Structures are given as C-alpha cells and as structure tokens.
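Novice: No letters, just coordinates:
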C-alpha cells in the first residue's frame with residue numbers, strides 16, 4: 001500500500017512543480033499548500049453536505065451541523081465545484097482569493113491564516129488553472145483515506161519545499177525520521193504536548209500518528225506551540241487543521257524569548273528542534289529572566305536559552321526531547337559549560353543520542369537528541385547511545401533512519417535503560 005500512496009504524493013508534486021514556472025520555491029509554496037487546503041476542506045464539507053441532503057430533517061446549509069463535527073463550513077462561493085469551473089478563466093486568481101476570504105469569514109479558527117494572493121500578476125493564470133485541474137482530479141471518496149492522503153500530500157510538499165529552499169538562519173525542516181525517534185522514545189499518550197519553535201507543526205502531526213498507531217485516544221492530548229515566522233505559523237495552522245487536530249499556537253506569531261505565548265504552561269511533553277546555534281536572540285533585554293535558572297545563556301548562542309526555556313515549562317513529571325547541534329555537548333564559551341554542569345547536577349539529563357550525518361535536507365551539521373526529565377526513572381544515571389552508524393542513504397545526499405530497524409533499535413535501548421534491564425552494547 002505504501003508504494004502506491006508514495007507514488008500518489010510524488011505524482012502530485014511532480015505535476016505541481018512543472019507548473020511552478022518562474023516563481024521561487026517560497027512563493028510557490030503558498031500556492032500549492034493553499035490549494036491542497038482548500039480542496040481538503042471543500043471535500044470534507046461536500047461529503048457532509050451530501051449526507052445532510054439525504055436526511056429530510058436536516059438542512060445542508062446549517063453551519064452548526066458542520067461545526068458540531070469539527071468540519072469547516074464552506075460557503076457556496078468557496079466550494080471546489082465553483083473553483084474548478086473557473087479554472088481556465090482569467091478571474092481564477094480572484095475567485096480563489098475570494099473563496100479563502102469567505103472561508104475565513106465563516107470559520108473563526110482560520111481568521112488571518114489562509115494565503116490570499118492568488119490574483120497577483122506574477123502568478124501565471126494559465127498555470128494556476130492547470131494546478132486547480134490537478135487537484136480536481138484527486139477524487140478520494142473514502143473519508144478516512146482522503147483525509148490521510150491530502151494530509152500526507154501536504155506534508156510531502158512541505159518537505160520538498162524545504163529541500164528546494166535550503167532554509168536559512170539555522171531554521172530547518174525537521175526530517176520526519178528524527179521527529180519520529182523523539183516521539184517513539186517519549187511516548188506522548190496523554191497530557192500537554194508543547195513545541196516552543198513549532199515550524200509547520202511536524203512534532204504534533206507525528207505525535208498524533210503515534211497515538212493512532214498505538215490505538216490511543218487523540219482527545220487525551222492538548223497541543224501548545226509557538227512560532228516566530230508568520231508564514232510558517234499560518235502553515236502550521238493549516239497542517240493541523242488538515243489533520244483534524246486542535247491546537248493553541250498562541251494568539252500571534254511571536255518570538256519565544258521576548259513574547260512567550262504560554263507563560264504559565266507546564267507541559268508533560270516538550271518536543272523541539274530549535275534553530276541551531278542562533279546568535280542574535282536578544283539576550284541583552286532578557287538578563288534577569290526567570291527562565292535562566294541554571295545560568296544566563298551567552299548572547300552569541302541560544303542553545304541553552306532554548307533548553308532552559310523548555311525546562312522552565314516542564315510539569316513535575318514532564319519530559320523533553322530536543323535536537324541540538326553537537327557543539328552543545330562540549331561548548332565552554334560564554335558560561336555554557338557551567339550551565340550544562342548545573343543541568344546535569346540537577347539530574348535532569350536522562351539520555352543523549354548521537355545521530356548520523358546527512359539527515360537534514362539543507363545542512364550537514366551533526367546533531368544529537370537530548371532527553372531531559374524532571375523525574376528520571378534511573379536517578380543519577382544517563383544513557384548515551386551512539387547511533388552515528390545507523391540509517392540508510394535514500395538519495396545521494398540524504399540519509400534516513402528506518403522505523404522498523406534503526407528507530408526501533410534506539411527506542412528499545414532507551415526504554416530498556418529506563419526499565420533497568422539494559423545490557424551494555426560496546427560501541428553503541
């Protein structure tokens with residue numbers, strides 16, 4: 001089944017990429033993801049609409065019928081049928097913009113979130129019409145299946161854009177195999193899940209997939225996130241909406257250090273891949289901050305500011321899984337050595353996993369996973385796992401950790417350590 005669905009995502013990506021023309025990847029991203037989103041909510045609506053039409057006591061135009069089931073209400077002028085009919089008219093851009101505006105008007109949760117610039121002159125309308133046709137032809141009648149396929153297509157396209165754009169400023173799309181490793185080790189079945197630099201929401205999507213794989217209940221987790229980049233913040237809302245996940249991503253997109261959107265939050269699970277070695281994080285204005293319990297992080301590197309921000313937001317039994325550049329393991333500059341020592345002496349570090357190189361699309365920087373727990377199963381002990389030789393090259397430049405072998409091996413080792421049954425394996 002996987003080969004078929006992968007082909008499906010790739011087919012859409014290839015077709016959509018041909019239509020990109022002279023637009024840069026970052027400009028085109030909003031076009032493709034915006035259309036996938038529009039098609040998704042229109043199809044979900046349409047399905048419920050048909051159902052209500054067949055029920056003589058129901059009114060298919062009654063908004064409450066939809067919101068009750070967490071389905072976005074799509075007004076007549078925004079339905080896909082209207083858009084596909086106009087695909088090859090000069091007004092197609094305006095019609096899509098108006099559709100997105102109408103959807104925002106009807107759905108409080110989407111206010112100010114959707115990309116509305118399809119009418120801009122540099123977007124070739126003939127090509128736009130072709131992309132609309134492409135999505136018109138995705139007919140997945142089975143609801144469960146379709147929600148997943150469009151969700152996966154959305155994710156696949158995000159991933160492809162990440163590899164095209166070669167993200168800057170230490171911000172990288174976190175490969176799903178790294179996210180999955182964090183999630184499988186932490187096992188976030190219930191409670192508050194938080195990502196203070198959530199990007200397009202990959203940590204939350206993987207947490208939800210984990211719960212579904214293990215037949216858990218999605219209603220038992222609540223999701224909190226924060227993101228500083230306005231476009232990425234909007235994309236995260238769309239990504240989560242397509243997955244049917246409710247989340248609190250803060251009132252606005254904002255800098256986590258300057259404007260913490262969840263100041264009183266104590267989270268059960270924190271999963272994050274903060275920007276690597278971020279230099280201008282605004283230390284001078286935050287000298288006396290309550291979060292620096294283990295020492296003031298240096299102005300030139302935010303790694304230990306991120307880590308302390310997370311520890312500050314941890315519930316009494318909370319756990320953190322975060323990705324950090326390897327430098328954080330040994331750096332001495334700007335008092336980092338003392339901060340690290342204080343965190344270790346507080347018995348917070350449960351384990352470190354050294355990952356192989358070439359896992360990221362756009363950086364070769366070697367990274368490790370840090371696992372931090374307020375209430376460690378093995379007090380006074382820390383497990384070190386050397387996973388640098390794991391993984392398979394999936395392209396000439398990109399390595400992946402495979403779920404049933406590599407990720408399972410790391411996870412089993414970590415859990416055996418927590419249960420006190422770990423057999424030491426030399427070199428691993």
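Specialist: It's in. Everything quoted here is computed from the prediction, not taken from an experiment.
Novice: all helices for this structure, in order.
Specialist: Secondary structure of the chain by DSSP state H: the helices cover 2-18, 25-53, 63-67, 80-85, 92-106, 125-136, 143-165, 176-186, 202-213, 230-242, 303-312, 336-345, 408-419.
Novice: Next, the angle from the second one to helix 125-136.
Specialist: If I follow you right, that is helix 25-53. 50 degrees (axes from the mean of the first three to the mean of the last three Cα atoms, to 10 degrees).
Novice: Buried ones in helix 25-53, by neighbour count?
Specialist: Neighbour counts over helix 25-53 (16 or more other Cβ atoms under 10 Å) mark 28-45, 48-49, 52 as buried. Every C-beta, even on glycine, is put in place using the N, C-alpha and C of the backbone.
Novice: Output the helices of the chain in a markdown table; the columns should cover mean pLDDT and distance to residue 364.
Specialist: Shown next, in a markdown table, are those (pLDDT from 0 to 100; distance: least, Cβ to Cβ, whole Å):
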| stretch | mean pLDDT | distance to residue 364 |
| --- | --- | --- |
| helix 2-18 | 65 | 24 |
| helix 25-53 | 87 | 20 |
| helix 63-67 | 89 | 47 |
| helix 80-85 | 95 | 42 |
| helix 92-106 | 95 | 38 |
| helix 125-136 | 88 | 33 |
| helix 143-165 | 69 | 14 |
| helix 176-186 | 95 | 14 |
| helix 202-213 | 92 | 20 |
| helix 230-242 | 88 | 23 |
| helix 303-312 | 98 | 18 |
| helix 336-345 | 98 | 22 |
| helix 408-419 | 97 | 21 |
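Novice: want to try a markdown table for those helices, with distance to residue 325 as columns?
Specialist: A markdown table is the format used below for these (distance: least, Cβ to Cβ, whole Å):
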| stretch | distance to residue 325 |
| --- | --- |
| helix 2-18 | 30 |
| helix 25-53 | 24 |
| helix 63-67 | 44 |
| helix 80-85 | 44 |
| helix 92-106 | 38 |
| helix 125-136 | 38 |
| helix 143-165 | 18 |
| helix 176-186 | 13 |
| helix 202-213 | 18 |
| helix 230-242 | 20 |
| helix 303-312 | 7 |
| helix 336-345 | 12 |
| helix 408-419 | 19 |
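Novice: ok, residue 36 touching residue 155?
Specialist: No: in this structure, residue 36 is not within contact of residue 155 by Cβ atoms under 8 Å, at 10.0 Å.
Novice: Residues contacting stretch 195-205, please?
Specialist: 151, 155, 158, 171, 173-174, 176, 179, 182-183, 193, 223-228, 232, 235-236, 239-240, 243, 245, 247, 249, 256, 270-275, 306, 309-310, 313 (Cβ atoms under 8 Å, 6 or more residues apart in numbering).
Novice: Repeat the analysis, applying 7 Å as the threshold.
Specialist: 155, 158, 173-174, 176, 179, 193, 223, 225-227, 232, 235-236, 239-240, 243, 245, 247, 249, 256, 271-272, 274-275, 309-310 (Cβ atoms under 7 Å, 6 or more residues apart in numbering).
Novice: Partner strands of the longest strand anywhere in the chain, with direction?
Specialist: Longest strand in the chain, counting residues (DSSP state E): strand 314-325. Paired strands of strand 314-325, with direction, are strand 267-272 (parallel), strand 367-373 (antiparallel) (DSSP bridges).
Novice: chain center to that strand, what's the gap?
Specialist: Remark: strand 314-325 is offset 17 Å from the chain centroid, using Cα atoms, centre = their mean, to the nearest Å.
Novice: residues of it that come out buried?
Specialist: Across strand 314-325, burial judged by 16+ other Cβ under 10 Å covers 314, 315, 318, 319, 320, 321, 322, 323, 324, 325.
Novice: quick one: which of those is nearest residue 187?
Specialist: residue 319 (9.0 Å; Cβ to Cβ).
Novice: quick one: the residue nearest to residue 136 when sequence neighbours are not counted from residue 23, how far?
Specialist: Spatial nearest neighbour of residue 136, chain neighbours left out: residue 84 (4.3 Å); criterion: Cβ to Cβ, 6 or more residues apart in numbering. Distance of residue 84 to residue 23, given as Cβ to Cβ, to the nearest Å: 22 Å.
Novice: now swap in residue 337 and tell me
Specialist: 47 Å.
Novice: how many neighbours does residue 57 have?
Specialist: Here the number of neighbours of residue 57 (other Cβ atoms under 10 Å) works out to 5.
Novice: contacting residues around the longest strand of the chain?
Specialist: With contacts defined as Cβ under 7 Å, 6+ apart, strand 314-325 is touched by 174, 178, 182, 185-186, 266-274, 276-277, 303, 307, 310, 365, 367-375.
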